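Engineer: Fold the following and give me the result.
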Amino acid sequence: METDLRALAKVQEWYGPHSSVAAEWPVDALLLAKGRATVSVILPARDEERTVGDIVGVIRRDLVERAPLVDEIIVVDSNSTDTTAARAAAAGARVVVQDAVLAHLPPLTGKGEALWKGLAASSGELIVFVDADLRNFGAHFVSGLLGPLLFDKRIQFVKAAYERPFTGADGVLSRGGGGRVTELVARPLLNMFWPELAGFVQPLGGEYAARREALEKVPFVTEYGVEFGLLVDLLELVGLDAMAQVDLGVRVHGHQAMPALGRMAGQIILTAWSRLERQGRVLSAIPPEHRLLQFGLDGQADLVDMAVAERPPLASLAIEGVA
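Structural biologist: So this is what the prediction gives:
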């Protein structure tokens, strides 16, 4: 009980000074604080033709042309089969093909792979990741995340916080209905094993910013465990006091079907398990099973692979002369 109370006190002590809202970071003030720092915004995108162009367009209009806060916008085309790449380029992004970045390495799949390749393709000292499926994107999704990094050199990583409503088939938003994997899987795991991170409102959210030097020192899980892995690994690398979160308001996006959420949950559990092993907190003679048996509405069984791979820290490739 005493350990639990200490962990809770640590979260409470961290939460206030390290949590803010986007309105606290006006663009004019950020421009003054930016100095010579360079900013890259990276969007991983796979078949997001309906939304990616609008997101890129807002960033270019508000944070490149009207106020020169962002230096480059990169869309990583993750093997799209639609017009994602064309729409992103037309809106003003530099589009890179996922498998063409560091093409001498064997290609891998997944969101984390796109993020890692985007980091490798970018040049900014400050990196902002934004999901490409947002339906209510505003420039504050980028500027808000940059605020703590530009005004406090001690901050290394900033995570977005927001309300995630669930969008029904009729288009009606249901408050509190989104973030199902967060509430059922990620949050319990963090509270059990990394309670210092319990104060992060949206640990699996796709919007966050960090200093390049920090991101290049941690591995990237290539699948949907990437955000969970980054939180845990950055906690170990930079410490909780170098991490912050900014409330961006409401985030509206598409939702995945239950079978996909099941696979996502499995990938997050495997990511957590690998961190526990790496930190010497669990020992197992047999690795966890990475196959998931799922059943459809018709009772048909489907065996799917939940295995996650990892890309090493980018800095390690540079040291080895690979990058």
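
Engineer: quick one, what contacts the nearest residue to Ala37 once chain neighbours are set aside?
Structural biologist: In space, and not counting its chain neighbours, Ala37 is closest to Glu125: 5.2 Å by C-beta to C-beta, 6 or more residues apart in numbering. Every residue, glycine included, has its C-beta placed from N, CA and C. When contacts are counted by C-beta atoms under 8 Å, 6 or more residues apart in numbering, Glu125 touches 37-39, 211-213.

Engineer: just the buried members of those residues?
Structural biologist: By neighbour count, with 16 or more other C-beta atoms under 10 Å, those hold 39, 211-212 as buried.

Engineer: Just these: which are in strands?
Structural biologist: In this view, these that belong to strands under DSSP state E are 39, 211.

Engineer: Spell out, range by range, the helices that occur in this structure.
Structural biologist: 2-18, 27-34, 52-60, 84-91, 111-121, 140-151, 180-181, 187-193, 212-215, 226-238, 258-278, 314-320 (DSSP state H).

Engineer: isn't Ala214 right next to Arg154, touching?
Structural biologist: No. Ala214 sits out of contact with Arg154 when judged by C-beta atoms under 8 Å, with a separation of 11.7 Å.

Engineer: Which one of those two is surrounded by more residues?
Structural biologist: Using other C-beta atoms under 10 Å, the more surrounded residue of Ala214 and Arg154 is Ala214, with 19 against 11.

Engineer: nearest residue to the more buried one other than its sequence neighbours?
Structural biologist: Of all residues not flanking Ala214 in the chain, Gln156 sits nearest, at 4.4 Å (C-beta to C-beta, 6+ apart).

Engineer: how far out from the middle of the chain is stretch 309-320?
Structural biologist: Mean-position distance between stretch 309-320 and its chain equals 19 Å (C-alpha atoms, centre = their mean, to the nearest Å).

Engineer: likewise stretch 283-298?
Structural biologist: 25 Å.

Engineer: can you tell me the average pLDDT over stretch 164-171?
Structural biologist: Mean per-residue pLDDT for stretch 164-171: 65.

Engineer: and what of stretch 265-283?
Structural biologist: 96.

Engineer: I'd like to check what contacts it. Which residues are they?
Structural biologist: Residues outside stretch 265-283 that contact it (C-beta under 8 Å, 6+ apart): 181, 184-186, 189, 193, 204, 221, 223-226, 228-229, 232-233, 236, 284, 288, 290, 292, 306-308, 310.

Engineer: Could you list the buried residues of it?
Structural biologist: Buried, per 16+ other C-beta under 10 Å, within stretch 265-283: 265-276.

Engineer: cool, stretch 209-226 as well?
Structural biologist: For stretch 209-226, the neighbour count (16+ other C-beta under 10 Å) marks 209-212, 214-226 as buried.
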